[in-house]
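*Asks:* after the sequence you'll find the predicted model.
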Amino acid sequence: MKFIDLFAGIGGIRLGMEQAGHECVGWVEWDKFARKSYVAIHKPDGEFTEKDINNVTSQELPKADCWCFGFPCQDISVAGKQGGFTNGKRSSLFFKVTGLIRELKEEDKPSYLFIENVKNLLSINKGWDFAKLLIEMDEIGYDVEWDVLDSAQVVPQHRERIFIIGHLRGRRTQQVFPIIREDGETDKPDRSVNQVGNISNSKSFGGNPQVGRVYGVDGVAPTLSTMQGGSQEPKVMVREATKKGFAIAKIGDTINFSQPNSKTRRGRVGHGIANTMTTANTMATLTSDSRIRKLTPLECWRLQGFPDWAFTRARETGLSDSQLYKQAGNSVTVPVIRAIGEQMEFEES
C-alpha cells in the first residue's frame with residue numbers, strides 16, 4: 001500500500017508503516033531541523049516533498065492509498081494553551097488536509113486516512129471539537145473508527161495517544177481496531193528504562209488499555225535526599241503535593257523534572273517505566289551508584305522505538321542535543337504505528 005506522510009516530523013509514522021510493508025511516496029514537513037533528520041534517516045530521493053502544507057495543491061500530490069498525519073497538537077494538548085481544535089492556528093491545519101481531499105476526484109481519494117493526536121482531542125471543549133472532526137470526516141466521505149493506545153504495551157514509556165482511521169465509503173478497507181494478538185494476550189515491557197534497547201515490534205494491544213493513564217506533563221519537585229532505610233538499594237524521595245508529601249524512586253525508575261519549582265504539582269515518578277516524554281530534556285533516572293542522571297538523547301529515541309541506526313543518522317547531521325530531545329518528544333512511538341499499519345489491508349472482493 002502506498003502512503004503520504006504529512007506533518008511528518010522525523011518520520012516515526014513512516015518508519016512504522018514501512019516496517020508494516022507499506023511504501024511512502026511523498027512527505028510534508030515545515031521544521032528545518034526535523035527535515036534534516038528525516039532526509040538523513042529515510043533518504044527520500046525522488047519523492048514528492050513540500051515544506052508547508054498550506055503550499056500544497058491536490059493536483060501535485062502523488063496518488064496514494066493512505067494519507068498519514070499527526071496534525072499539530074499544541075492547541076489541544078494539556079501541556080499547551082488549549083486554544084482548541086478548530087480555533088487554534090496549528091491544530092486547525094487538519095481542515096487544510098480535508099480541504100485537499102475535497103478537491104480530489106472520487107477515484108483519486110485515499111482509501112484510508114491514518115490520524116494520530118493527543119488523547120485530549122477526545123475531551124477538549126467538552127467533546128465538541130472531536131464531534132466536529134467526525135462531522136468533517138463524514139462530509140468528505142469517510143467512516144471512522146478510533147482507539148486510545150498506550151505505548152507502554154510495546155516500549156517502557158506511558159504515552160497515550162488517540163489513533164483515528166478513516167475508511168473511504170465504497171472501498172473494501174479492513175477494520176483496524178481493536179488490535180489483539182492471535183493469542184489474545186497483551187504484553188508489558190519487562191525491562192527498566194536503564195536497560196532500554198531495541199524494543200520488540202510485536203503487536204501487543206488489546207482494545208483500549210486502562211493501565212497507567214497520563215493526563216498531562218506536570219512535573220515534579222527537586223530531589224529531597226537519598227535514603228537507605230532498611231535496604232541497601234538506593235532510593236530517592238521526590239517531593240509531591242500529596243498528604244504523604246513524596247514519592248520513592250528506585251533504580252531504573254524515571255523522574256520527570258518539568259516543573260522543578262512547583263509546590264502544588266504532583267511528583268511524577270515512573271516505576272520501571274518512563275512517563276510521557278515531552279520535547280524538553282526533563283527526564284532523569286536513578287542509577288545503581290545512587291546518582292540521578294538525565295536520560296540521553298539516544299535513550300529518549302529508544303523510548304519511542306526508533307532503532308539506533310536512525311538516531312545515529314540524525315545525530316551525524318550535526319543537530320544539537322536539545323533538537324534531538326525535541327524530536328524524540330514530538331515523535332510517535334514506532335512499534336505502535338507498525339502494529340496499526342499491519343492491520344491496514346484491503347479485503348478480498
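*Replies:* Nice, I can see it.
*Asks:* just the buried positions in stretch 130-145, please.
*Replies:* Phe130, Lys132, Leu133, Glu136, Met137, Ile140, Gly141, Tyr142 (16 or more other Cβ atoms under 10 Å). C-beta coordinates here come from the backbone N, C-alpha and C atoms, glycine included.
*Asks:* tell me the two of these that are most distant?
*Replies:* Greatest spatial distance among the buried residues of stretch 130-145 (Cβ to Cβ): Phe130 and Gly141, at 18.9 Å.
*Asks:* returning to that earlier point: show me which of the buried residues of stretch 130-145 is closest to Asp31.
*Replies:* Leu133 (23.8 Å).
*Asks:* right, and the helix or strand after the helix or strand that contains the closest one?
*Replies:* Using DSSP states H and E, the element containing Leu133 is helix 128-139. As assigned by DSSP H and E, the chain's next helix or strand after helix 128-139 is strand 142-150.
*Asks:* now do that next one: distance to the chain's middle.
*Replies:* Distance of strand 142-150 from the chain centroid (Cα atoms, centre = their mean, to the nearest Å) equals 14 Å.
*Asks:* can you list the strands that whichever helix or strand comes after it pairs with?
*Replies:* Counting by DSSP H and E, the element after strand 142-150 in chain order, helix or strand, is strand 160-168. The pairing partners recorded for strand 160-168 under DSSP bridges are strand 112-118 (antiparallel), strand 142-150 (antiparallel).
*Asks:* surely Gly26 is in a helix?
*Replies:* No: counting by DSSP: H, G, I helix; E, B strand; the rest coil, Gly26 falls outside a helix, being strand.
*Asks:* I'd say it and Gly46 touch.
*Replies:* No: Gly26 is beyond contact range of Gly46, at 10.3 Å (criterion: Cβ atoms under 8 Å).
*Asks:* of those two, give the one with the bigger neighbour count.
*Replies:* Gly26 (22 against 6; other Cβ atoms under 10 Å).
*Asks:* what helices and strands are in contact with whichever helix or strand Glu18 is part of?
*Replies:* Secondary structure from DSSP H and E places Glu18 in helix 12-19. Other helices and strands packing on helix 12-19, by 3 or more Cβ pairs under 8 Å, 6 or more residues apart in numbering; DSSP states H and E, are strand 2-6, strand 23-28, helix 32-42, strand 66-69, strand 112-118, helix 334-341.
*Asks:* if we use 7 Å, what do you get?
*Replies:* Packing partners of helix 12-19 (3 or more Cβ pairs under 7 Å, 6 or more residues apart in numbering; DSSP states H and E): strand 2-6, strand 23-28, helix 334-341.
*Asks:* elements contacting the longest one?
*Replies:* If I follow you right, that is helix 334-341. When contacts are defined as 3+ Cβ pairs under 7 Å, 6+ apart, helix 334-341 sits against helix 12-19.
*Asks:* tilt between the helix it packs on and strand 112-118?
*Replies:* Relative orientation of helix 12-19 and strand 112-118, computed by axes from the mean of the first three to the mean of the last three Cα atoms, to 10 degrees: 140 degrees.
*Asks:* how close does Ile251 get to Cys300?
*Replies:* 19 Å (Cβ to Cβ, to the nearest Å).
*Asks:* now do the buried residues in stretch 247-255.
*Replies:* Ala247, Ile248, Ala249, Ile251, Gly252, Asp253, Thr254, Ile255.
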